[in-house]
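Undergrad: Quick one, what's the 3D model for this:
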Amino acid sequence: NLEFGDGILEDCEVGCTACGKCALDATDGAINMEDNLAVVDYGRNHNQPAAIERCPTGAILWFDAERGPVRGRAAPKVIRQGARAEAPT
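TA: Got it, this is the predicted structure:
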C-alpha cells in the first residue's frame, strides 16, 4: 500500500503503516522507505532477521530455512475471521 499511518489497518490487519522501524533496524541500507513502502535492496546484505522484530503489524516477514516464514516479536497474531466483504461498486 502507499498509505501512511494506522488508517491502513482498517482494511488490512497486516498492512505496512510505513513506521520505518524495519529500515532503522536493517544495517547498510538494506531496507529503505520509498513512497511509504519498505523496499529491500537485495544487492546488499539482507541476511538480517533483526529488521522484522519491531514490525508492529507483521507486514514484513523473515524466511527461515527450517521454520519457514517468521514474524517479529512485536507482530500481533492474525486470526482470519472470514473473507473480506466485496467493495461497493
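
Undergrad: What strands flank the helix or strand bottoming out on mean pLDDT in the chain, and is each parallel or antiparallel?
TA: The weakest-scoring helix or strand in the chain, judged by mean pLDDT, DSSP states H and E, is strand 62-64 (a mean of 82). Strand 62-64 has the following sheet partners, assigned by DSSP bridges: strand 68-70 (antiparallel).

Undergrad: Could I get the full set of strands for this protein?
TA: All strands of the chain, identified by DSSP state E, fall at 31-34, 37-40, 62-64, 68-70.

Undergrad: mind checking which of the ones you listed is nearest Glu10?
TA: Nearest to Glu10, of all the strands of the chain, is strand 37-40, at 18.4 Å by C-beta to C-beta. From N, CA and C alone the C-beta is placed, and that goes for glycine too.

Undergrad: List the buried residues for the closest one?
TA: 38, 40 (16 or more other C-beta atoms under 10 Å).

Undergrad: Then stretch 33-51?
TA: Buried-residue list, stretch 33-51, by 16+ other C-beta under 10 Å: 33, 36, 38, 40, 46, 48, 51.

Undergrad: And the fourth one, how far from Arg67?
TA: As judged by C-beta to C-beta, to the nearest Å, Val40 and Arg67 stand 20 Å apart.

Undergrad: And the contacts of the least confident helix or strand of the chain?
TA: 49, 51-52, 69-72 (C-beta atoms under 8 Å, 6 or more residues apart in numbering).

Undergrad: farthest pair in the buried residues of stretch 33-51?
TA: Based on C-beta to C-beta, the longest span within those runs between Asn36 and Gln48 and measures 21.1 Å.

Undergrad: Ala30: neighbour count?
TA: 20 (other C-beta atoms under 10 Å).

Undergrad: With only the CA atoms kept, save stretch 29-43 in PDB.
TA: Extracted in PDB, the C-alpha atoms of stretch 29-43 (Å, rounded to 0.1, in the frame of the first residue of the first chain):
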ATOM      1  CA  GLY A  29      20.800   0.500   3.900                       C
ATOM      2  CA  ALA A  30      19.400  -3.000   3.200                       C
ATOM      3  CA  ILE A  31      15.800  -1.600   3.600                       C
ATOM      4  CA  ASN A  32      14.700   1.900   2.700                       C
ATOM      5  CA  MET A  33      11.400   3.600   2.900                       C
ATOM      6  CA  GLU A  34      10.100   4.700  -0.600                       C
ATOM      7  CA  ASP A  35       6.600   6.100  -1.100                       C
ATOM      8  CA  ASN A  36       5.600   4.600   2.300                       C
ATOM      9  CA  LEU A  37       6.800   1.200   1.300                       C
ATOM     10  CA  ALA A  38       9.700  -0.900   2.800                       C
ATOM     11  CA  VAL A  39      11.900  -1.700  -0.100                       C
ATOM     12  CA  VAL A  40      14.600  -4.300   0.300                       C
ATOM     13  CA  ASP A  41      17.900  -3.700  -1.600                       C
ATOM     14  CA  TYR A  42      18.900  -7.300  -2.500                       C
ATOM     15  CA  GLY A  43      22.300  -6.100  -3.700                       C
END
